[in-house]
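Asker: This is a predicted model, with the sequence first.
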Amino acid sequence: MTKTQIILFLTNIVLTNVSFLLSFLVRYGLTFPSYNFLPYRKSFVFVTLINISALSFFGVYKKRFKSSWDLFKRIFLGSFFGTLLSIAFVYVFRANWGAFPTSVFVLSFFTNLLLIFKLNQFVLRTRKKIMKKVVLIGRDEIDDMIGKKVIVRRIEIDEIEQLAKHPDIDEIVICERIHNEKDLSLLIYLTQKLKIDIVFNPSIYVEMLSGRINGENSFHSLSTFVGEKRDLEEFLIRSLDIIGSIIMLLMFTPATIMISLLIKISSPGPVFYKQQRVGKDGRIFTLYKFRTMVEDAEKTVGPVLASRDDPRITKVGRILRRTRLDELPQLFNVLQGYMSLVGPRPERPHFVKQHKALRELRLAVKPGLTGLAQIRSFYDLKPRHKTKYDYLYIQKRSLQLNLYILMLTIPAVFSRKGW
């Protein structure tokens, strides 16, 4: 460990116990009841170890942070889970140590979060450990970029592949407009995969906005804006995925039971259909759906795209596809982290290998239950048309856009766009 990490580690041990003492003070006043304080005296070593271990697990003591929010998020998660584990630990030994006041744990969480964050932030800023590492792309000069950032290096546009050699980069500054589609596609893919922010020389930004955005040119103009969203945005999108999935699973529990019975009664075969799909960064995962086709539908024809009047689809399956209820089991894929509520639809490995348009950029984000292609057009779009919608979504991806798409998914289902 570095000197800075040792300082933070030791001071956080002290602050953790200061937080508990302050919490007792707030809860009981200057005179602590011995009955309530005794469990803390007997367990403070273990409770402190649990909290510090939780902070370490979430990376609070790493060497550098790209922002104060990055630091706060890690301290919040460490303190939250440390508090939960501490409550569980003292509960197990309550017969020997006595009942530890739950209210003290709640108060100590907020006190600990505030004290540790402010202390760590002060120390890290003083030692210049909160800063972004930046790469400049292009030859044009740009105004002062130092501040809380450090310029790692400058590369030419045709050297974009070198970004893969710098996984600790936080931000890319575009100093020159990129015209070559291959370089642009590679840049977008790397920034998504490495979770790198993109900012622009103001002159480049104005030039792109002043250009005409129509037809195929929209891809060239808008693609440059793509970059992994900031931590807060990613945190909110993931929170929406988890909360939304849990709510929908609870809401559709009666429908799930009914659908399972109808599938089982109407045709032989399993209720659920499992299939390998390609997720973010090309990761293969098992996708779950309600079975809508006859059993072993591809045994003789092999992997083929479903069409509107596909004879392999069962009567119940046709209704499920029109209402998209066959997608409900994919909420478990969302909870597992393989999918998001909104994103490009996950494709099968066979079609990803067959169509170049389904690779690279489209795999830079998690696949989703619904997306722009589903609310704007029909289910059986050709890959090249579907990909245009997917690229547009990736470029503009945000919490607000996800909420907008989710709201429009319902009328899209009733209009049979996404049968």
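Answerer: The structure has been received and is ready for your questions.
Asker: Provide the contact partners of stretch 276-284 at residue level.
Answerer: 193, 285-287, 338-339, 346-349, 352, 358-359, 363-367 (C-beta atoms under 8 Å, 6 or more residues apart in numbering). Quick note: C-beta positions are derived from backbone N, CA and C, even for glycine.
Asker: for that stretch, which positions count as buried?
Answerer: Arg277, Val278, Gly279, Lys280 (16 or more other C-beta atoms under 10 Å).
Asker: Between the two ends of that stretch, what distance do you get?
Answerer: 7 Å (C-alpha to C-alpha, to the nearest Å).
Asker: Kindly provide the whole-number mean pLDDT of that stretch.
Answerer: On average, the pLDDT along stretch 276-284 is 87.
Asker: again with stretch 97-110
Answerer: Averaged over stretch 97-110, pLDDT sits at 86.
Asker: What ranges in the stretch 51-200 of the chain fall below the confidence cut-off?
Answerer: Low-confidence segments of the stretch 51-200 of the chain (pLDDT under 70): 139-153, 157-158, 166-167, 177-181, 184, 191-193, 199-200.
Asker: show me where it has strands.
Answerer: Secondary structure of the stretch 51-200 of the chain (DSSP state E, counting those that start in this stretch): strands at 132-137, 149-155, 171-174, 197-200.
Asker: on that earlier part again, would you mind writing the ChimeraX command to select the buried ones in the contacts of stretch 276-284?
Answerer: Of these, the buried ones can be selected in ChimeraX as follows, counting by 16+ other C-beta under 10 Å:
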select :193,285,287,338,339,346,347,348,352,358,359,363,364,365,366,367
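Asker: And the next helix or strand past the helix or strand hosting Lys274?
Answerer: Applying DSSP states H and E as the criterion places Lys274 in strand 272-278. Later in the chain than strand 272-278, the nearest helix or strand by DSSP H and E is strand 284-290.
Asker: That next one vs strand 272-278, what angle?
Answerer: Computed by axes from the mean of the first three to the mean of the last three C-alpha atoms, to 10 degrees, the angle separating strand 284-290 from strand 272-278 equals 150 degrees.
Asker: who touches stretch 235-251?
Answerer: So stretch 235-251 is contacted by 73, 229, 328, 331-332, 334-335, 340-341, 398-399, 402-403, 406 (C-beta under 8 Å, 6+ apart).
Asker: Of all pairs in those residues, which one is the farthest apart?
Answerer: Lys73 and Leu328 (31.5 Å; C-beta to C-beta).
Asker: Narrow the contacts of stretch 235-251 to those in helices?
Answerer: Mapping the contacts of stretch 235-251 onto helices (DSSP state H) picks out Lys73, Leu331, Phe332, Val334, Leu335, Leu399, Asn402, Leu403, Leu406.
Asker: For the fourth one, which non-adjacent residue is spatially closest?
Answerer: Just to be clear, that refers to Val334. Ser245 (4.6 Å; C-beta to C-beta, 6 or more residues apart in numbering).
Asker: That neighbour and Val316, how far apart?
Answerer: 24 Å (C-beta to C-beta, to the nearest Å).
Asker: Filter the ones in helices among the contacts of stretch 235-251 down to the buried ones, ChimeraX style.
Answerer: Only the buried members of those enter the following ChimeraX selection, criterion being 16+ other C-beta under 10 Å:
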select :73,331,334,399,402,406
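Asker: In CSV: the ones in helices among the contacts of stretch 235-251, plus distance to Ser43.
Answerer: Shown next, in CSV, are the ones in helices among the contacts of stretch 235-251 (distance: C-beta to C-beta, whole Å):
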residue, distance to Ser43
Lys73, 28
Leu331, 40
Phe332, 38
Val334, 38
Leu335, 34
Leu399, 40
Asn402, 43
Leu403, 44
Leu406, 45
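Asker: any idea how far the helix or strand where Leu240 lies is from the chain center?
Answerer: Assigned by DSSP H and E, Leu240 belongs to helix 231-251. Taking C-alpha atoms, centre = their mean, to the nearest Å, one finds the center of helix 231-251 at 10 Å from the center of the full chain.
Asker: And stretch 49-62, by the same measure?
Answerer: Using C-alpha atoms, centre = their mean, the offset of stretch 49-62 from its chain centre is 22 Å.
Asker: swap in stretch 263-275?
Answerer: What separates the centre of stretch 263-275 from the centre of its chain is 32 Å, taken as C-alpha atoms, centre = their mean.
Asker: buried stuff in it?
Answerer: Residues Ile263, Ser267, Gly269, Tyr273 are the ones in stretch 263-275 that count as buried (16+ other C-beta under 10 Å).
Asker: so who does the second one touch?
Answerer: Applying C-beta under 8 Å, 6+ apart, one finds that Ser267 lies in contact with Arg291, Val294, Glu295, Thr314, Val316.
Asker: among those, which ones are buried?
Answerer: Buried among these by 16+ other C-beta under 10 Å: Arg291, Thr314, Val316.
Asker: quick one: contacts for the second one?
Answerer: When you say that, I think you mean Thr314. If you count contacts by C-beta under 8 Å, 6+ apart, Thr314 has them with Ile263, Ser266, Ser267, Arg291, Thr292, Met293, Val294.
Asker: Could you report the separation of it from Pro268?
Answerer: 10 Å.
Asker: Can you list the residue ranges for helices in the stretch 51-200 of the chain?
Answerer: 68-92, 94-97, 102-126, 181-194 (DSSP state H, counting those that start in this stretch).
Asker: Let me have those in CSV, extended by distance to Val60.
Answerer: Converted to CSV, these look like this (distance: least, C-beta to C-beta, whole Å):
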stretch, distance to Val60
helix 68-92, 5
helix 94-97, 28
helix 102-126, 7
helix 181-194, 22
